[in-house]
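Trainee: what would the 3D arrangement of this be:
(one chain, ligands or ions: 1)
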Amino acid sequence: MRKKSSHPTQRDQHPKSHGYVHGELVVEGDLPESFRQGLFANPNSYPCWVRFSNGSSKRDAQGKFVPDATRQGDDIVVTSDIRGMAVKVLGVTGEMVPEAAGRTGEQDLIMINSPVFFIRNVVDYLVFFKVMAAIAKGTINFKAQPPLIPAEDVAAVQQVKYALDLVGKIQNSEAGVVHSPLQTTFWSATPYKLGEAAMKYKMVPVTPEPRFDPSQSVDLENLFRDAISSQLARTEAQFDLLVQVQTDATEMPIEDPTKLWEETSSPYVKVATLRLPQQDINSPDRLAEDEHQSFSPWHSLAAHRPLGGVNRARRMYGHLAQERNKDNQAG
Ligand code: HEM
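Mentor: This next block holds a predicted model:
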């Protein structure tokens with residue numbers, strides 16, 4: 001994080017924000033008994049904050065998100081990144097996980113624009129980053145004929161070949177083509193508790209609006225901020241929050257987020273509506289709070305405890321937010 005950023009220190013992953021948006025989460029009244037857990041226990045309306053982001057952390061030497069030679073990390077390249085949506089629901093009641101100390105009353109929901117994550121477990125994540133670093137340095141080159149893979153890297157490449165394929169698929173899939181984050185579906189990808197059961201969740205946009213047309217954007221470099229701010233300057237936006245319950249531990253595993261939980265095995269059920277009213281998202285206060293805020297799967301009720309090894313690794317989010325805020329306060 002510190003190596004990549006200049007001042008201010010920014011998130012290591014998902015540093016580029018498209019908007020920090022105020023909203024309201026309205027939990028449905030007549031949910032099936034088994035869904036009435038934690039956040040969904042009773043019909044209610046909660047204030048919340050939502051942050052939309054790009055996954056890519058490519059920045060120039062000053063830490064600014066400007067297009068590089070390949071234009072990766074630039075919003076114009078709509079197919080070349082994983083997009084994020086983080087929601088912080090405020091004022092929730094009930095027992096929190098111990099990791100949420102100091103964050104009582106917050107239930108965060110963190111999503112990407114893919115129903116699956118690209119890495120099975122943290123061991124593979126470490127190997128994946130070593131392989132990515134070698135690709136960046138050119139010591140591994142898949143485009144060469146024949147592909148260049150040094151003998152000492154062959155085993156590592158074999159171990160994470162699935163992840164390299166999957167990340168490419170996610171970045172270039174239909175789901176990766178985002179015209180506006182307000183018109184995109186976002187999934188949790190990893191599982192969480194739903195009382196004694198396990199769930200995944202997704203946010204599906206409700207869009208009476210015509211699809212955002214990138215050619216109409218006045219700021220292609222920051223296309224997605226433009227898409228959000230232009231819609232919310234005129235009108236509101238809405239998403240449906242839906243939950244999918246695990247019904248088969250083998251077909252719907254906890255420990256492998258690369259495996260899709262098929263909707264034919266267990267359909268998603270709507271549990272809440274997210275309303276984002278008309279607002280200005282570009283005020284200096286908003287931008288500052290966006291940088292300062294900390295979203296984490298571990299800001300959670302015990303009823304929605306994050307599950308699986310990948311989520312366990314994500315306990316670092318809160319610590320990293322503290323570190324970047326410490327840096328930024330120090331000036
Ligand atoms: C072991 C696996 C993972 C690692 C190492 C990792 C790493 C990180 C880091 C370092 C941050 C910045 C945290 C901060 O400074 O506040 C972050 C943010 C984020 N991650 Fe992950 N991540 C992982 C898995 C996932 C998964 C499975 C998802 C799927 C939903 C995800 C979605 C996001 C999103 C949307 C953000 C931005 C949150 C915000 O707006 O503040 N990550 N991740």
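Trainee: just for the stretch 201-331 of the chain, where's the confidence low?
Mentor: Scanning the stretch 201-331 of the chain for pLDDT under 70 picks out the ranges 331.
Trainee: tell me which parts of it are close to the ligand?
Mentor: Contact residues, the stretch 201-331 of the chain versus the ligand (Cβ under 6 Å from any ligand atom): 257, 294-295, 310, 313-314, 317, 320-321, 324. Every C-beta, even on glycine, is put in place using the N, C-alpha and C of the backbone.
Trainee: can I get the buried part of the residues you listed as one ChimeraX selection?
Mentor: Per 16 or more other Cβ atoms under 10 Å, the buried members of these correspond to this ChimeraX selection:
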select :257,294,295,310,314,317,320,321,324
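Trainee: can you give me the strands in the stretch 151-300 of the chain?
Mentor: Per DSSP state E, counting those that start in this stretch, the stretch 151-300 of the chain carries strands over the ranges 186-187, 192-194, 197-206, 237-245, 269-276.
Trainee: the spatially closest residue to residue 302 that is not a sequence neighbour: what's it in contact with?
Mentor: Distance criterion Cβ to Cβ, 6 or more residues apart in numbering; nearest residue to residue 302, sequence neighbours excluded, is residue 95 at 4.4 Å. Taking Cβ atoms under 8 Å, 6 or more residues apart in numbering, we find residue 95 in contact with 301-303.
Trainee: from those residues, which is closest to the ligand?
Mentor: Proximity to the ligand was ranked across the contacts of residue 95 by Cβ to the nearest ligand atom; first place goes to residue 301, at 17.8 Å.
Trainee: that closest one contacts residue 99, correct?
Mentor: No - the criterion here is Cβ atoms under 8 Å, and residue 301 misses it with residue 99 at 11.7 Å.
Trainee: so which of the two has more stuff around it?
Mentor: Shown here are residue 301 and residue 99; by other Cβ atoms under 10 Å, residue 301 has more neighbours (23 against 16).
Trainee: for that one, grab phi and psi.
Mentor: Dihedral pair for residue 301: phi -70, psi 150, per degrees, to the nearest 10.
Trainee: who's in contact with stretch 312-327?
Mentor: The list of residues contacting stretch 312-327 from outside it, by Cβ under 8 Å, 6+ apart, reads 1-2, 5, 8-12, 99, 103, 122, 125, 292-299, 306.
Trainee: how many neighbouring residues does whichever residue of the chain sits closest to the ligand have?
Mentor: Of all residues in the chain, the one sitting closest to the ligand is residue 84 (2.7 Å; Cβ to the nearest ligand atom). In terms of burial, residue 84 registers 23 neighbours under the definition other Cβ under 10 Å.
Trainee: which strand or helix spans it?
Mentor: Assigning secondary structure by DSSP states H and E places residue 84 in strand 83-90.
Trainee: and the next element down the chain from that strand?
Mentor: Following strand 83-90 in sequence order, the next helix or strand is strand 106-112 (DSSP H and E).
Trainee: what about that next one, distance to the chain center?
Mentor: Centroid displacement of strand 106-112 relative to its chain, using Cα atoms, centre = their mean, to the nearest Å, is 8 Å.
Trainee: can I get it in PDB, CA atoms only?
Mentor: Provided in PDB are the C-alpha atoms of strand 106-112 (Å, rounded to 0.1, in the frame of the first residue of the first chain):
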ATOM      1  CA  GLU A 106     -22.200  -1.500  11.200                       C
ATOM      2  CA  GLN A 107     -23.000  -4.300   8.700                       C
ATOM      3  CA  ASP A 108     -20.800  -4.000   5.600                       C
ATOM      4  CA  LEU A 109     -21.700  -5.800   2.300                       C
ATOM      5  CA  ILE A 110     -18.800  -6.000  -0.100                       C
ATOM      6  CA  MET A 111     -19.200  -7.100  -3.700                       C
ATOM      7  CA  ILE A 112     -17.600  -7.300  -7.100                       C
END
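Trainee: which strands or helices does the following helix or strand past that strand pack on?
Mentor: The C-terminal neighbour of strand 106-112 among helices and strands, as given by DSSP H and E, is helix 122-137. In terms of contact count using 3 or more Cβ pairs under 8 Å, 6 or more residues apart in numbering; DSSP states H and E, helix 122-137 is assigned the packing partners helix 154-172, helix 309-313.
Trainee: the ligand contacts on the stretch 1-150 of the chain?
Mentor: The stretch 1-150 of the chain comes close to the ligand at residues 11-14, 51, 53, 84, 86, 110-112, 117, 122, 125, as judged by Cβ under 6 Å from any ligand atom.
Trainee: make JSON lines out of these and add pLDDT and distance to residue 148.
Mentor: Supplementary listing: those in JSON lines, determined by pLDDT from 0 to 100; distance: Cβ to Cβ, whole Å:
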{"residue": "11", "pLDDT": "90", "distance to residue 148": "33"}
{"residue": "12", "pLDDT": "86", "distance to residue 148": "28"}
{"residue": "13", "pLDDT": "89", "distance to residue 148": "28"}
{"residue": "14", "pLDDT": "91", "distance to residue 148": "31"}
{"residue": "51", "pLDDT": "98", "distance to residue 148": "39"}
{"residue": "53", "pLDDT": "93", "distance to residue 148": "33"}
{"residue": "84", "pLDDT": "94", "distance to residue 148": "33"}
{"residue": "86", "pLDDT": "98", "distance to residue 148": "38"}
{"residue": "110", "pLDDT": "98", "distance to residue 148": "37"}
{"residue": "111", "pLDDT": "98", "distance to residue 148": "36"}
{"residue": "112", "pLDDT": "95", "distance to residue 148": "31"}
{"residue": "117", "pLDDT": "96", "distance to residue 148": "28"}
{"residue": "122", "pLDDT": "96", "distance to residue 148": "28"}
{"residue": "125", "pLDDT": "95", "distance to residue 148": "23"}
